[in-house]
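K.L.:
When you get a sec, could you give me coordinates for this:
(chains A and B)
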Amino acid sequence: MKHILSALVLNRPGVLAHVAGMFAARAFNIDSLTVGRTDDPELSRMTIVVIGDDRVVEQVRKQLAKIVSIVKVQDFAGQDVVARDLMLVSVSAPPEKRPEILALIEMFNAKVVDIGPKFVMVEVCGPETKIEAFIDAARSYGIRNVVRTGTVAMARYSRSQSE
Amino acid sequence: MNLSISGPPAAPPPPMTGNLVIVKTLLALGVDTVFGYIGASVMPLFDAITTVYKRQSKCSGNSDGYNSSQINNSGSSEFNSPVSGLPSEPVYGIVEFRNELTTTENSIIEDIRRQRMTETNAPSPAKPIRKPGSQIIVDTLVEQGVEVMFGYLGGVVLPLFDKLYDAPIRFIIPRHEQGGCHMADAYARATGKVGVVVATSGPGATNLTTGLATAMMDSIPLVAITGQVRTDLIGNDAFQEADTTGITRPITKHNSIVKDPNRLAQTIREAFYIASTGRPGPVLVDIPVDMQVAEIEVKPAEPVNLPGYKVRSRVHNRQISLAAEAINASQKPILYVGGGIIIANAAAELSELAHKANIPVTMTLLGLGSIDQGSELSLDMLGMHGSAYANFAVQECDLLIAVGARFDDRVTGKLKTFASKAKIIHIDIDPASIAKNLPADIPVVGDAKETLVELLREVQHRDRPEWFAQIAEWKKKYPFRYDKRAHAIKPQFVIEEILRQTNGEATIVTGVGQHQMWTAQFYRFKRPRQFITSGGLGTMGFGLPAAIGAQVALPGQTVIDIDGDSSFNMTMNELCTAVQYELPVKVCIINNGYMGMVRQWQQLFYGKRYSCSSLKNPDFATVARAFGAVGMTVTEKKGVADAVAAMLAETHPCVVDFHVDREENVWPMVPAGKSLHEMNGLDIFESMA
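P.N.:
All right, here's what the predicted structure looks like:
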């Protein structure tokens, strides 16, 4: 099962290496990992997507919590969360196919961010399922390149924010 | 042109095992000589090396390999021919002895320490005091209560060593940084204080790694200070530069590099705090040389504030009640205790709980000494080479109370069948240890001592006559045995003789292998911190440097390193250190001319193909004398008692080389991956009864 772990970490050199190294050393698999600064310059946020059964993921969470530079770790399993992925995708778009492709982009609420003689660059944002669906739909036109950020997530206020 | 293919398609190549694939690939790549050292996880590879390279006649050292018949005939003839032409009487390299500081020296040191502390803690706010970083480091170490340090010099720690020259800190220089790290580790194990080791950048730091990993696996509080090249050179492949924090990250509890001299003191304080609290472990602080020479203002010590590091302060009441209820309801409980009891100084509480609630206690290798092995409640060690009665009791119990133990594979054997009839209470200060290998029915996160104190309030005495009768029967039927009538010196006989003559009071240190297991089985430990051994990492070569570290911590007490010949070979250079600092450590080499445990596995699981496990040893007694220590050799059983007596009377570092039965095995043995009750060797015990 897919788990989204959200970790607040000290914004220091070596923290990312520590997390990545721990995953490798303990033979855990990372599906995606994103890091970015928070509003506090001392802290960064890591969102880590891990695939594994509950016991494995619980062990991952505990091992992350043990790292001194990690302030807090949360497993979003069982919680209502907003999860988003951002993708830039370059799709083959010869002039005769462009109306079709633009319609597809419209349908996905995506955006054209650059256009060339043969390709369009599209920005797609949303839950992972939507990103995957766009890739499937665009595949028949020809995809040149895909760049994805990996998942970022936040718990919804309504049900799960206990603190 | 016409190309025709006739005949049946080529048959697929026969399947090959991974070890053969590796060796054949090496051969195909033109590798004709391989250097290395054998161990459990590379045994299949060594087996293949012997097969393939023997055919190629390229196996060096042990070129013929051994088959079973050769081994059986080899006897110990090469053992009984000592190197001739060398002096046989002990040579004394040292005349004067000084183990302890005099009272005057101590009071001077105290004065300086007090002065330093007041300077650091309360500088006059009016005029700021400025000091070089190296002095700040030393002052902070003194402030943290450091009395002894171990370590080795080098270019980028020269400023630090210059200030250590005048510091009220005793400094022990090993002959290799690994030795220094093991010394600091054993100093910590013997005292409970934080051990401190210093090394230079690059090779100095990389030489620490085995010692750090050893301390990490056994949760030993250690602070390692390494020098680093100037900050402006970092990343430039400067002379003696290595990415020390990168290399040591997975083998330390925490590490950091100081890039702002104003952070020096606080970083060192944090290191001591992290190393010694919670589940202890080694912490490394990497200090570039420019940080050591920078002049900085002395500031008062701030309290340690680490947002990502919280030590659990209170035990969960409900979990305690649940555990106590389970204990009171249990018919067949057993306490399974590990190094956590010793680290938490909880031996007295453990003993009280075991006696109050009437529960038998079995210990892991690192837990030995948690309860007096003379006590009726002691079931001694469990696991791969544990007692049959402990292993049977674990398999039959209805409640397993694990305290400060981590369900290591050498303890549990096949996990699925480990204590499968039991409810499991797991008490540990490290939440990640709980349910890592085996789910716990009642997890209790907390300090062993505090938890046991809480439990003591709620547990009640139960008689459990059937359970104790059953245990008594196992104890009677399967005590640890060996052939006492044998003509050769049995390793167990040597250990029993040491036990007898030291009255079970000595601090015992070991290397890793058969001798370590026999020591765990046959020396009866009475108190915590009495047994110092590398458990988790299984570091051969730990023995001698660890004995030196323990002897530094315990002046005037008997410290004995019961070592293997192969283990001793790895770090025997540290005899220099023992001689230089007049540390009267005693080394008993259980010498079988093999990597004994490896040979045992090869005998049992590799058809007696003794691939690369036989070593040509030096004459250890002569080696000891060359170092300025006392050396003795014992080749006959009747000489053992006198040699042990002479060794114990010796006031100099002393090495006794016992030529023991070469092919003695450690029994019982749970083969890797088997269930704990599937022990080999019980029939051998019965035949000796």
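K.L.:
Show me what the closest residue to residue A:119 other than its chain neighbours bridges to in the sheet.
P.N.:
Setting aside the residues directly before and after it, residue A:119 is nearest to residue A:90 in space (CB to CB, 6 or more residues apart in numbering or on different chains), at 5.0 Å. Bear in mind the C-beta positions are built from the backbone N, C-alpha and C, glycine included. When bridges are taken as DSSP bridges, the partners of residue A:90 come out as residue A:121, residue A:145.
K.L.:
Any chance of the backbone angles for whatever residue of chain A ends up closest to chain B?
P.N.:
Here chain A gets closest to chain B at one residue, residue A:62, 3.8 Å apart by CB to the nearest CB. Backbone dihedrals for residue A:62, given as degrees, to the nearest 10, come out at phi -60, psi -40.
K.L.:
ok now do residue A:35, which residues does it touch?
P.N.:
By CB atoms under 8 Å, 6 or more residues apart in numbering or on different chains, the contact set of residue A:35 is A:9, A:16, A:44-46.
K.L.:
Tell me the strands beside the helix or strand harbouring it, with direction?
P.N.:
Counting by DSSP states H and E, the element that carries residue A:35 is strand A:30-37. Listed by DSSP bridges, the sheet partners of strand A:30-37 and their directions read strand A:43-51 (antiparallel).
K.L.:
The residue nearest to residue A:119 against residue A:121, yeah?
P.N.:
Yes: assessed by CB atoms under 8 Å, residue A:90 is found in contact with residue A:121 at 5.2 Å.
K.L.:
Adding pLDDT and neighbour count as columns, could you present the contacts of residue A:35 in TSV?
P.N.:
As requested, these are exported to TSV (pLDDT from 0 to 100; neighbours: other CB atoms under 10 Å in any protein chain shown):
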residue	pLDDT	neighbour count
A:9	96	23
A:16	94	15
A:44	97	20
A:45	97	19
A:46	97	20
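K.L.:
Run a quick neighbour tally on residue B:501.
P.N.:
When neighbours are counted by other CB atoms under 10 Å in any protein chain shown, residue B:501 registers 15.
K.L.:
do the same with residue B:688
P.N.:
The number of residues near residue B:688, taken as other CB under 10 Å, comes to 12.
K.L.:
How about residue B:314?
P.N.:
Each residue near residue B:314 was counted by other CB under 10 Å, and the total is 9.
K.L.:
what about it, distance to residue B:443?
P.N.:
In this view, residue B:314 and residue B:443 are 15 Å apart by CB to CB, to the nearest Å.
K.L.:
Could you do residue B:655 as well?
P.N.:
As it turns out, when the distance is counted by CB to CB, residue B:655 lies 47 Å from residue B:443.
K.L.:
Between those two, which is the more surrounded one?
P.N.:
Neighbour count, other CB under 10 Å: between residue B:655 and residue B:443, residue B:655 has more, with 30 against 19.
K.L.:
what sits up against the helix or strand hosting that one?
P.N.:
In this structure, residue B:655 is located in strand B:654-659 according to DSSP H and E. Contact partners of strand B:654-659, identified using CB under 8 Å, 6+ apart, comprise B:76, B:79-80, B:489, B:491, B:494, B:575, B:584-591, B:619-621, B:623-624, B:629-635, B:640, B:643-644, B:647.
K.L.:
Repeat the analysis, applying 7 Å as the threshold.
P.N.:
B:76, B:79, B:489, B:494, B:586-591, B:620-621, B:624, B:629-635, B:640, B:643, B:647 (CB atoms under 7 Å, 6 or more residues apart in numbering or on different chains).
K.L.:
Give me the mean pLDDT for it.
P.N.:
Averaged over strand B:654-659, pLDDT sits at 98.
K.L.:
and the stretch 351-500 of chain B, which of its residues are near chain A?
P.N.:
Residues of the stretch 351-500 of chain B found near chain A (CB under 7 Å from any CB of the partner chain) are B:431-432, B:436.
K.L.:
okay, those residues in JSON lines with secondary structure and pLDDT next?
P.N.:
As requested, those are exported to JSON lines (DSSP: H, G, I helix; E, B strand; the rest coil; pLDDT from 0 to 100):
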{"residue": "B:431", "secondary structure": "helix", "pLDDT": "93"}
{"residue": "B:432", "secondary structure": "helix", "pLDDT": "94"}
{"residue": "B:436", "secondary structure": "coil", "pLDDT": "92"}
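K.L.:
Any idea which residue is closest to the centre of chain B?
P.N.:
Nearest to the geometric centre of chain B sits residue B:534, at 1.2 Å (CA atoms, centre = their mean).
K.L.:
got a list of what the closest residue to that one other than its chain neighbours touches?
P.N.:
On the basis of CB to CB, 6+ apart, the spatially nearest residue to residue B:534 that is not a chain neighbour turns out to be residue B:542, at 4.2 Å. With contact taken as CB under 7 Å, 6+ apart, residue B:542 is in contact with B:182, B:214, B:511-512, B:534.
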